[in-house]
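> below is the sequence, then the predicted model.
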Amino acid sequence: MTTLQSAVRRRRAVAAAGAVSAGLLVLAACDKPTPMATITVGSDSVSSEATCGGEDEAIKAADLNKCLQDKGIDEITVDPDETVRFGVDPDVADKGWTILMNGQPLTDSSTKTYRTIPGSVFFNAQYGAQGDSTLVSIKEGEKDTTALWSFRLKKDA
């Protein structure tokens, strides 16, 4: 082996070790991700980390109201004849969770990881729907809200 080949191998080994070290440093600096919530309609689904909270501390009422007005949230199209499926991580289910529609409770608190609701509910004025778009949130916590996931459901024409 020539000196040039040996030098190239040494540089590659040092570069690889540096990349691994940098990756571990970045991972060590990251916060633990919040649990996920998922909405599925037919074969389409959308998942998100908590829009607000997620650190096991109660969210203040003023912050909660701001969070419920969040504009930069994920959307999913819903055919009113389809079933809308809600899923949460087991950590969320253990604390209890409620589905909110336009900020108002749509369901009682549950400790299951999965729930289903007919799509027509989200566009029915009887349940507080207005127009062809509905803000749906998942609220973690039975008494105090510790996390909130929000999604926009758009009516399929």
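Yes, it's here. The structure displayed is predicted, hence computed values, not measured ones.

> give me the below-cutoff pLDDT ranges for the protein.
Within the chain, the segments meeting pLDDT under 70 span 1-34, 70.

> for it, what spans make up the strands?
Secondary structure of the chain (DSSP state E): strands at 36-41, 44-49, 52-53, 74-78, 83-88, 97-101, 104-105, 114-118, 133-140, 147-155.

> domain parsing of the protein, as residue ranges.
1-30, 36-155 (automatic domain parsing).

> switch these over to TSV; also include mean neighbour count.
Where C-beta positions appear, they are placed from N, C-alpha and C, glycine not excepted. Shown next, in TSV, are the domains of the chain (neighbours: other C-beta atoms under 10 Å):
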stretch	mean neighbour count
domain 1-30	9
domain 36-155	16
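
> coming back round to it: okay, the strands of the chain in JSON lines with distance to Ala125 next?
Below are those laid out as JSON lines (distance: least, C-beta to C-beta, whole Å):
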{"stretch": "strand 36-41", "distance to Ala125": "21"}
{"stretch": "strand 44-49", "distance to Ala125": "25"}
{"stretch": "strand 52-53", "distance to Ala125": "27"}
{"stretch": "strand 74-78", "distance to Ala125": "16"}
{"stretch": "strand 83-88", "distance to Ala125": "18"}
{"stretch": "strand 97-101", "distance to Ala125": "12"}
{"stretch": "strand 104-105", "distance to Ala125": "13"}
{"stretch": "strand 114-118", "distance to Ala125": "15"}
{"stretch": "strand 133-140", "distance to Ala125": "11"}
{"stretch": "strand 147-155", "distance to Ala125": "13"}
